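>>> Predicted model and sequence below, questions to follow.
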Amino acid sequence: MSSVLYYAALRGLGSGGAGSTQPTNESSNQAKSEETTSNDKPKVSKNQAKNDKKKAKKAAAAEGTATPAPAAAEKKPAAKKGQQQEEEIPASQYFQLRNTAIQNYTSKANTSAYPHKFNVQSTLPEFIANWKHLENSQVSEEIVSVAGRIFRIRSSGAALFFIDIQGDGEKLQVFANRSQFHNADAFAEITTLLRRGDVIGITGNPTRTKAGELSIIPRTNLQLLSPCLHSIPFPDTLKSLETRFRNRYLDLIVNSQTRKTFLTRSRIITFLRRYFDERGFVEVETPMMDLKAGGAAAKPFKTYHNDLHTELYMRIAPELYLKQCIVGGIDKVYEIGRQFRNEGIDLTHYPEFTSMEFYWAYADYHDLMTLTEHLLSTLVKTITGGYVIKYNVPTNNEDGTVTINTKTIDFTPPFARISIIEKLESIPEIGKLPKDLFSDEANQFLINKIKELEIDMKPPFSTMRLIDKLVGEYIEIHCMNPTFLMDHPQVMSPLAKGHREKEGMTERFELFVNERELCNAYTELNDPKIQRDRFEAQMKDKIKLNDEEAQELDEVFIHALEIGLPPTAGWGMGIDRLAMLLTDSHNIKEVLLFPAMKDGSALEEENNNNNNNNNTVQKQ
């Protein structure tokens, strides 16, 4: 296909054309309501057409505004027809047309669509900060170079183009006027080539148009740095979860909220590091693969080390290694990293997730609760500007509509505290639990209670899982604001130290927010004999009940305890769930840059259930 045919097909088209504008219902109705001639021009007199043309040229040259001045030109059915033509071009054909244009462009001497470098003197945020003082119609004599990706192009004839670019979360208008560019032929060539999605570089003068739009006027350079070979959606219009999660780069380009989400996540991690660094904690890195999967109750991923001829496990938690650091004399230690648990995926669970754990010698779980209140309240206020946040939860209705339930979550300290066994026993339908929760009688009592209460639960029916199920059904669902669920039974907490006042319990807490676990912490068990007994009890469940989540006996860790672990408190938090709260995200994949996806149409069912953009939204 010749370049002439290419330009004839794409010039002035809406989705990627040089004269593109985002279609609106209003402009469509205007176009439909007008009578047109056979050549798609409005029926106006010659004098009227001449006057309109003069007014349009005068307004565009004087104002330099991003809003197209000539009203009559906007209403031309030809422009609307062109928009529809390009939007209807199949993706493969658009790709071929674009490739043809780029090949023709690069075939010219000393011309490349992919230059090695472009000297950027100012980012878009820096440009806006440095030149925001310019008054309307003022043009700076300074020459500046900027770069960005095109997200909108409009034109007034062949001599004046309004190109909106974006970069680093900011937007800037390129006010491209042929009469102010150094070479008229080069101007025509590059403006004919450019399409939405292209990355370009501009060298010229900062200005503010008569309409008040901060802009840059290309003088010596308007250069293609990397062409976009596909037609991309307009800003903030990409809604398909399938497309967004599989093509996160496109999601980041098109949807401004996605960029904000991951910048907020980055700020959270930066805050956590600074908070603990300032308090004397040392950041370390521990193995991601090991002979044992310890430190938590979870099913691990397996892998194989060819050189060692050994089966290894991806870590489910860094806890045991971090406590060995305490044994070694690093009294304050933390790690931020990935954990891997071979479990199900839902809106709040994901097999590969990021957590933070820290261990603090000579502290206990009371110290941890005080620190947690200060840490999270300060973090939330730093990120959001206050202690109270709004969290929107969509609910699908039978009639196909979606109801948005807005929840208010208050991180103002102190947080509520609930002793879980005492709370369960205060519930009439549960009543008093057996005293020895390690016994078979206690296990059978809990199995019968689950059946009696008609609670749906899948095996294995270990005592730990049965109690956890009751807590989830009767206590967790009431924890909207931050709440410490405390003093777990020893049977549920093999690594936690026994409670000083409550027999059979541990000095442990889980922090729940929005009915979900956010933190888990306890005074660490440091008696090697008791630790061995706890591990052996877990192994019993693993063998008897085929509980793949039960922890195994770790002789290396037991030996470290025999060397001597000082009184220590340990704490862990899921960063993904915290990011969900602070970005108002309902799906954990929204806060994971590149979530793993199944082959084929993996998210079809999820799209049907959760992608509510085309449904009626009712706010409560």
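Structure's in. What do you need? Numbering: from 1, shown residues only.
>>> Ramachandran angles for residue 486?
phi -120, psi 170 (degrees, to the nearest 10).
>>> Report the contact partners of it.
417-420, 508-509 (C-beta atoms under 8 Å, 6 or more residues apart in numbering). Every residue, glycine included, has its C-beta placed from N, CA and C.
>>> Also residue 203?
143-145, 218-222.
>>> who does it bridge with?
On the basis of DSSP bridges, residue 203 is bridged to residue 145, residue 221.
>>> separation between it and residue 146?
8 Å (C-beta to C-beta, to the nearest Å).
>>> Can you check which helix is longest in the protein?
The longest helix of the chain (DSSP state H) is helix 256-277.
>>> Could you list the residues in contact with the following helix or strand past that helix?
Sequence order places strand 282-283 as the next helix or strand after helix 256-277, per DSSP states H and E. For strand 282-283, contacts defined as C-beta under 8 Å, 6+ apart pick out 273, 276-277, 330, 332-336.
>>> what pairs with strand 282-283, and is each one parallel or antiparallel?
Here strand 282-283 has these sheet partners by DSSP bridges: strand 332-340 (parallel).
>>> model confidence over the helix or strand just after the strand it pairs with, on average?
Per DSSP H and E, the first helix or strand lying C-terminal to strand 332-340 is strand 352-361. In this model, strand 352-361 carries a mean pLDDT of 98.
>>> From the contact counts, what lies against strand 352-361?
With contacts defined as 3 or more C-beta pairs under 8 Å, 6 or more residues apart in numbering; DSSP states H and E, strand 352-361 has these neighbours: helix 319-327, strand 332-340, strand 568-574, helix 575-583.
>>> coming back round to it: quick one: distance of the longest helix of the chain to the chain centre.
11 Å (C-alpha atoms, centre = their mean, to the nearest Å).
>>> Also stretch 282-290?
25 Å.
>>> Show me which residues of it are buried.
For stretch 282-290, burial by neighbour count (16 or more other C-beta atoms under 10 Å) applies to 286, 290.
>>> then that stretch to PDB, C-alphas only?
Only the C-alpha atoms of stretch 282-290 are listed here, as PDB (Å, rounded to 0.1, in the frame of the first residue of the first chain):
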ATOM      1  CA  VAL A 282      18.000  -3.300  59.900                       C
ATOM      2  CA  GLU A 283      16.600  -4.500  56.600                       C
ATOM      3  CA  VAL A 284      17.800  -7.900  55.500                       C
ATOM      4  CA  GLU A 285      17.100 -10.500  52.800                       C
ATOM      5  CA  THR A 286      16.400 -14.100  53.600                       C
ATOM      6  CA  PRO A 287      16.100 -17.200  51.200                       C
ATOM      7  CA  MET A 288      13.200 -17.500  48.900                       C
ATOM      8  CA  MET A 289      13.700 -21.300  48.600                       C
ATOM      9  CA  ASP A 290      14.400 -23.700  51.400                       C
END
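>>> what is the mean pLDDT for it?
97.
>>> in the stretch 451-600 of the chain, what spans have low per-residue confidence?
Residues of the stretch 451-600 of the chain that meet the criterion pLDDT under 70 lie in 600.
>>> So which residues of it form strands?
Using DSSP state E, counting those that start in this stretch, the strands of the stretch 451-600 of the chain run over 483-486, 508-513, 516-523, 568-574.
>>> Report the distance from the strand or helix carrying residue 95 to the chain centre.
Assignment of secondary structure by DSSP H and E places residue 95 within helix 91-106. Relative to its parent chain, helix 91-106 has a centroid offset of 33 Å by C-alpha atoms, centre = their mean.
>>> Extract the C-alpha trace of that helix and format it as CSV.
Taking Å, rounded to 0.1, in the frame of the first residue of the first chain, the C-alpha atoms of helix 91-106 are listed here in CSV:
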residue,chain,number,x,y,z
ALA,A,91,-6.8,-4.1,14.3
SER,A,92,-4.7,-6.0,11.9
GLN,A,93,-5.4,-3.6,9.1
TYR,A,94,-4.6,-0.6,11.3
PHE,A,95,-1.3,-2.2,12.2
GLN,A,96,-0.4,-2.8,8.5
LEU,A,97,-1.3,0.8,7.6
ARG,A,98,0.7,2.2,10.4
ASN,A,99,3.7,0.0,9.6
THR,A,100,3.6,1.1,6.0
ALA,A,101,3.7,4.8,7.0
ILE,A,102,6.6,4.2,9.4
GLN,A,103,8.6,2.3,6.7
ASN,A,104,8.1,5.1,4.2
TYR,A,105,9.1,7.6,6.8
THR,A,106,12.3,5.7,7.8
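>>> what comes up buried for it?
For helix 91-106, by 16+ other C-beta under 10 Å, it's 94, 97-98, 101-102, 104-105.
>>> Output the contacting helices and strands for that helix.
helix 3-10, helix 184-193.
>>> Can you pull the poorly scored residue ranges out of the stretch 151-300 of the chain?
In the stretch 151-300 of the chain, no residues with pLDDT under 70.
>>> Kindly reformat the contacts of residue 203 as JSON lines and extend each row with distance to residue 263.
Output for the contacts of residue 203, formatted as JSON lines (distance: C-beta to C-beta, whole Å):
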{"residue": "143", "distance to residue 263": "31"}
{"residue": "144", "distance to residue 263": "25"}
{"residue": "145", "distance to residue 263": "25"}
{"residue": "218", "distance to residue 263": "30"}
{"residue": "219", "distance to residue 263": "33"}
{"residue": "220", "distance to residue 263": "33"}
{"residue": "221", "distance to residue 263": "30"}
{"residue": "222", "distance to residue 263": "30"}
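>>> Dump these into CSV; add distance to residue 589 and neighbour count as well.
CSV is the format used below for the contacts of residue 203 (distance: C-beta to C-beta, whole Å; neighbours: other C-beta atoms under 10 Å):
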residue, distance to residue 589, neighbour count
143, 45, 13
144, 40, 19
145, 38, 18
218, 40, 26
219, 45, 16
220, 45, 14
221, 41, 18
222, 39, 25
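>>> ok, of those residues, which one's closest to residue 318?
When these are compared for distance to residue 318 (C-beta to C-beta), residue 145 wins out at 45.8 Å.
>>> okay, that closest one: pLDDT?
98.
>>> any idea how far it is from residue 165?
In terms of C-beta to C-beta, residue 145 sits 13 Å off from residue 165.
>>> got any residues that touch both of the two?
The contact lists of residue 145 and residue 165 share residue 202, where a contact means C-beta under 8 Å, 6+ apart.
>>> hey, what's residue 166 bridged with?
residue 149, residue 171.
>>> Next up, the contacts around it.
Counting by C-beta under 8 Å, 6+ apart, residue 166 has contacts 124, 148-149, 151, 172.
>>> I'd like the distance between it and residue 211.
20 Å.
>>> How about residue 362?
For residue 362, the distance to residue 211 - C-beta to C-beta - is 65 Å.
>>> More neighbours: those two, which one.
Taking neighbours as other C-beta atoms under 10 Å, residue 362 and residue 211 compare with residue 211 leading, 15 against 12.
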